[in-house]
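Trainee: okay, structure incoming, though there's no sequence with it:
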């Protein structure tokens, strides 16, 4: 017998699936929420309900190379850091980060919980930079590798010749 797929999530089910997580490089990171898109079987796009408690932050200041990302504030207030500028955001505000994106981050220095939807693409390969840490993440499906950007070596440019591609 085949298990029936879920296409509708009720508020109660979303609340039951909520978990709390944090970014390992940010001791002030604390987000609770649910990855709703995964719960209904979406593979190519992600949508999550997220909540940041007072005095906490989302992940860490980062920029995406391949996956577009967006954030829509439902309630509360926060400070969005976007490309080294700070903006107060509140209910109804929307942020979108086309790729390659500028660095961004969200924090809640206020007294009430910050609630928002976030989403974007789920590609097989993603590259993200953490400019304040000098690190780069490369994710290939479930495999994640982290590099120091200062250790990067240029490999190119590649030039085409008449019979093959050569590295110069």
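Mentor: That came through fine. All values reported here derive from a predicted model rather than from experimental measurement. Numbering: from 1, shown residues only.
Trainee: and stretch 27-42, average pLDDT?
Mentor: Averaged over stretch 27-42, pLDDT sits at 96.
Trainee: once you drop chain neighbours, what's closest to residue 128?
Mentor: Of all residues not flanking residue 128 in the chain, residue 137 sits nearest, at 4.6 Å (C-beta to C-beta, 6 or more residues apart in numbering). Where C-beta positions appear, they are placed from N, C-alpha and C, glycine not excepted.
Trainee: over to the one you found. Which of the three states is it?
Mentor: Put simply, residue 137 is strand when judged by DSSP: H, G, I helix; E, B strand; the rest coil.
Trainee: confidence score at it?
Mentor: At residue 137, pLDDT is 96.
Trainee: that one pairs with what?
Mentor: Beta bridges link residue 137 to residue 128, residue 146, judged by DSSP bridges.
Trainee: and it, how close does it get to residue 116?
Mentor: Residue 137 sits 23 Å away from residue 116, taking C-beta to C-beta, to the nearest Å as the criterion.
Trainee: also residue 134?
Mentor: Distance from residue 134 to residue 116, by C-beta to C-beta: 28 Å.
Trainee: also residue 158?
Mentor: The value you get for residue 158 to residue 116, if C-beta to C-beta is used, is 42 Å.
Trainee: of residue 137 and residue 116, who's got more company?
Mentor: Ranked by neighbour count (other C-beta atoms under 10 Å), residue 137 and residue 116 place residue 116 first, with 26 against 16.
Trainee: identify the residues contacting the helix or strand hosting the more buried one?
Mentor: Element membership for residue 116 (DSSP states H and E) is strand 114-121. Strand 114-121 is contacted from outside by 37, 44-52, 64, 66-78, 97, 106, 108, using C-beta atoms under 8 Å, 6 or more residues apart in numbering.
Trainee: the residues you listed, buried ones only, as a PyMOL selection?
Mentor: To isolate the buried members of the contacts of strand 114-121 in PyMOL, using 16 or more other C-beta atoms under 10 Å:
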select buried, resi 37+46+47+48+49+50+51+52+64+67+68+69+71+72+73+76+77+78+97+106+108
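Trainee: just the contacts of strand 114-121: which are in strands?
Mentor: Mapping the contacts of strand 114-121 onto strands (DSSP state E) picks out 45-52, 64, 69-75, 77-78, 97, 106, 108.
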